[in-house]
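Chemist: Predicted model follows, preceded by the sequence.
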Amino acid sequence: MTDTLDTGTVADGNSRNPVAPAGHRTAADVVTPELVARLTRAVVSSGGSVDSHTPFTGRKLAGLPLSTPEDVADAFGRAREAQRAWAAVPVRRRAAVLLRFHDLVLARQSEILDLIQLETGKARLHAHEEIQAVAVAARHYGRTAPSLLGPKPHTGVLPVLTKVTELRVPRGVVGQIVPWNYPFELSAGDALPAFAAGNAVVMKPDTETALTALLARELLIEAGLPADVWQIVLGEGPVVGPAVVAHADYVAFTGSTRTGREVARAAADRLVGCSLELGGKNAMLVLRDADVEKAAAGAVRGCFSSAGQLCVSIERLYVHTSVADDFLRRFAARTKALRLGTALAYGADMGSLVSERQLETVTRHVTEAVSKGATVLAGGRHRPDIGPLFYEPTILDGVEPPMAVCTEETFGPVVSVYRFDDEEEAVRLANATPYGLNASVWTRDGRHGRAVAARLRAGTVNVNEAYAAGYGSARAPMGGMKDSGLGRRHGAEGILKFTEAQTVAHQRLVPLGPFFGLDDAQYARLMTGGLRVLKAIRLR
């Protein structure tokens, strides 16, 4: 592909991002035939294969077995058989598996990081975010699952005489469809609460990032999970995905809003539940009293981590006019200094896009915006000198409708800057999108920042941080509003969604009907008086 923006559309003097030193290890050093054979034995497949590729070079990474819809049915059969025995294991023993997995992840993070980098093309520090997120989820649910899932007593309709207990029953076999952008976190991290709740999982990871998911499975089995409780199938989304949804007792999906709607319709037809984390066009607000240096550093992390290929990435940047020039000067300087690289080591600040499709979207959005009057403050170039899918972190100023980058999700290292004079206007503009996944507010006044955050229609809002504070706080729920999805991961909801609530009510001594010879009218008067008393004593 040619460097489409190197012919005059980028502002003169806009220097190229530097290149980080190349590493000494290659894909062949990490993804050996022995590793591929060992990991892919877990795939339920009756024949056929497909190649995966590393974004760093575009070359083949591994040959992977393919699954058919019949293989998916077979995987669900195996999982159902294993789930019955797994559900009978006491929850504390199931939770202990997660805690052992936590230790394995930290101990063997180097090999996990190598696979994440090779399959996604991201910088090693950004890959480490996945290690952190999975470890946090494993620790959280490993510690809290027994209390969250344990029997809970409730006050009955007649206190003392009605004994009520709420139980949590596993749904059965969860169908999980995982995208390519965070292959460790969105596979293991989302499966852990399902396993802790007593479910089995049939997972379809993206074929380009399947090795990472398969390694996660191997480590969890080493931690004590029965092998058949986690089944993995591989194949094209339109072929294998519907088969997963067709057999699942609950569906957990992360991906595009368009596909999420299809998943939701299919789940609704079968009257099974689903959780969906979908797209975003996330906003960051830099208020007039913000520390512009900290905000500029935060914007770099928020816009360009994993080359902008994360659902909670910042794509719209609203800056108060009084600080805009100072902020943009610092932000652009930091962005232009980011080192791009392919090394399987720390040192690069940003990696590659994952596919030709992502590169085409990024290039289209930037090229169209520039052609219609937008200005490139940093970046704006394809960098095939580093790798076939590298694109510089890009800041666009002067973006206006109907430029596609204004409203469409780019899912790449591109952010559009907008100035505002009135805070009410900034809140209105931030909310003026069909999406509502993540947002960010920067201010020196924490109380005011939290007040502004509460007015933003997004599932998570971070004050003086871009996304990590909200996502990493696993005790609190994380998910989207509006077209950004349904349900939540993390928190109590993140594990309870994988269960059915069952109420067991034991009535003692007297029935809930006329007793001791009372006629209907006498019973009604007695109950009326009782209801008044219960309200008077403030019983809930």
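Modeler: That came through, no problem.
Chemist: what helix or strand does Val239 sit in?
Modeler: In this structure, Val239 sits in helix 237-247 according to DSSP states H and E.
Chemist: What average pLDDT does the following helix or strand past that helix get?
Modeler: Moving toward the C-terminus from helix 237-247, the next helix or strand (DSSP H and E) is strand 250-254. Throughout strand 250-254, pLDDT has a mean value of 98.
Chemist: do stretch 190-203 as well
Modeler: Stretch 190-203 carries an average pLDDT of 98.
Chemist: Could you give me the buried positions within it?
Modeler: Buried positions in stretch 190-203, judged by neighbour count with 16 or more other C-beta atoms under 10 Å: 190-203. The way it works is simple: take the backbone N, C-alpha and C, and place the C-beta from them, glycine included.
Chemist: Provide a complete list of residue ranges assigned to strands in the stretch 251-400 of the chain.
Modeler: Ranges of strands in the stretch 251-400 of the chain, per DSSP state E, counting those that start in this stretch, are 273-277, 282-286, 314-320, 375-378, 394-397.
Chemist: Ok, the stretch 401-540 of the chain next?
Modeler: Going by DSSP E, counting those that start in this stretch, the stretch 401-540 of the chain shows strands at 414-420, 435-436, 438-442, 460-463, 481-482, 485-486, 499-507.
Chemist: and the longest one, which residues are buried?
Modeler: Taking 16+ other C-beta under 10 Å as the neighbour-count basis, strand 499-507 is seen to contain the buried residues Thr499.
Chemist: List the strands paired with that strand, with their directions.
Modeler: Take DSSP bridges as the rule and strand 499-507 pairs in its sheet with strand 162-170 (antiparallel).
Chemist: Tell me the first helix or strand C-terminal of the strand it pairs with.
Modeler: Following strand 162-170 toward the C-terminus (DSSP H and E): strand 173-178.
Chemist: Next, the angle helix 237-247 makes with that following strand.
Modeler: Relative orientation of strand 173-178 and helix 237-247, computed by axes from the mean of the first three to the mean of the last three C-alpha atoms, to 10 degrees: 160 degrees.
Chemist: now the buried residues of stretch 190-203 as CSV including secondary structure?
Modeler: Listed next are these as CSV, based on DSSP: H, G, I helix; E, B strand; the rest coil:
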residue, secondary structure
Asp190, helix
Ala191, helix
Leu192, helix
Pro193, helix
Ala194, helix
Phe195, helix
Ala196, helix
Ala197, coil
Gly198, coil
Asn199, coil
Ala200, strand
Val201, strand
Val202, strand
Met203, strand
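Chemist: Check the gap between the residue positioned nearest the centre of the chain and Asp249 for me.
Modeler: Residue closest to the average C-alpha location in the chain (C-alpha atoms, centre = their mean): Leu186, at 5.9 Å. Plainly put, Leu186 is 20 Å away from Asp249 if you go by C-beta to C-beta, to the nearest Å.
Chemist: What of Thr342?
Modeler: Using C-beta to C-beta, Thr342 is found at 42 Å from Asp249.
Chemist: Those two: who's more crowded?
Modeler: Taking other C-beta atoms under 10 Å, Thr342 and Asp249 do not tie; Thr342 has more neighbours (25 against 21).
Chemist: pretty sure that one is in contact with Asp385, am I right?
Modeler: No: applying C-beta atoms under 8 Å as the test, Thr342 and Asp385 come out as separate, 11.4 Å apart.
Chemist: Tell me how many other residues crowd the closest residue in space to Asp421 that isn't next to it in sequence.
Modeler: Sequence neighbours aside, Thr321 is the residue nearest to Asp421 in space, at 5.2 Å (criterion: C-beta to C-beta, 6 or more residues apart in numbering). Neighbour count of Thr321, defined by other C-beta under 10 Å: 11.
Chemist: do the same with Thr528
Modeler: Residues lying near Thr528 (other C-beta under 10 Å) number 10.
Chemist: cool, and Glu218?
Modeler: Count around Glu218 with other C-beta under 10 Å applied: 18.
Chemist: Quick check: closest non-adjacent residue to it.
Modeler: Nearest non-adjacent residue to Glu218, counting by C-beta to C-beta, 6+ apart: Leu39, 6.5 Å away.
Chemist: Regarding that neighbour, which helix or strand does it belong to?
Modeler: Here Leu39 is assigned to helix 33-40, by DSSP H and E.
Chemist: can you list the residues that contact that helix?
Modeler: Contacts to helix 33-40, defined as C-beta atoms under 8 Å, 6 or more residues apart in numbering, come from residues Ala62, Gly63, Leu64, Pro65, Leu211, Leu214, Leu215, Glu218.
Chemist: In helices, which of the residues you listed appear?
Modeler: Counting by DSSP state H, the contacts of helix 33-40 place Leu211, Leu214, Leu215, Glu218 in helices.
Chemist: Would you map the helices across the stretch 301-450 of the chain?
Modeler: Assigned by DSSP state H, counting those that start in this stretch, the helices in the stretch 301-450 of the chain fall at 321-336, 356-371, 404-407, 423-431, 446-454.
Chemist: Adding distance to Glu119 and mean pLDDT, write those helices out as a markdown table.
Modeler: Shown next, in a markdown table, are these (distance: least, C-beta to C-beta, whole Å; pLDDT from 0 to 100):
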| stretch | distance to Glu119 | mean pLDDT |
| --- | --- | --- |
| helix 321-336 | 26 | 98 |
| helix 356-371 | 14 | 98 |
| helix 404-407 | 27 | 96 |
| helix 423-431 | 33 | 98 |
| helix 446-454 | 34 | 98 |
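Chemist: Output those in CSV; the columns should cover distance to Thr54.
Modeler: What follows is these, written out as CSV (distance: least, C-beta to C-beta, whole Å):
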stretch, distance to Thr54
helix 321-336, 25
helix 356-371, 13
helix 404-407, 28
helix 423-431, 37
helix 446-454, 39
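Chemist: right, and those helices - which one's nearest Arg168?
Modeler: When the helices of the stretch 301-450 of the chain are compared by C-beta to C-beta, helix 446-454 sits nearest Arg168, at 30.8 Å.
Chemist: follow-up on the earlier one: any buried residues in the helix holding Val239, and which?
Modeler: Neighbour-count burial for helix 237-247, with 16+ other C-beta under 10 Å as criterion, is recorded at Gly237, Val240, Gly241, Ala243, Val244, Val245, Ala246, His247.
Chemist: The last one against Gly172, yeah?
Modeler: No: at 10.1 Å, His247 does not count as touching Gly172 under the criterion of C-beta under 8 Å.
Chemist: ok, back up a step: doesn't the residue nearest to the centre of the chain fall inside a helix?
Modeler: Yes: counting by three-state DSSP, Leu186 falls inside a helix.
Chemist: For Gly347, see how far away it is.
Modeler: Note on Leu186: its distance to Gly347, by C-beta to C-beta, is 26 Å.
Chemist: biggest helix in the protein, by residue count?
Modeler: Longest among the helix segments of the chain by residue count, using DSSP H, is helix 124-149.
Chemist: What's the local residue count around the closest residue to Gly175 other than its chain neighbours?
Modeler: Leaving out its chain neighbours, the residue that sits closest to Gly175 by C-beta to C-beta, 6+ apart is Ala248, at 2.8 Å. Other residues within reach of Ala248, judged by other C-beta under 10 Å, total 28.
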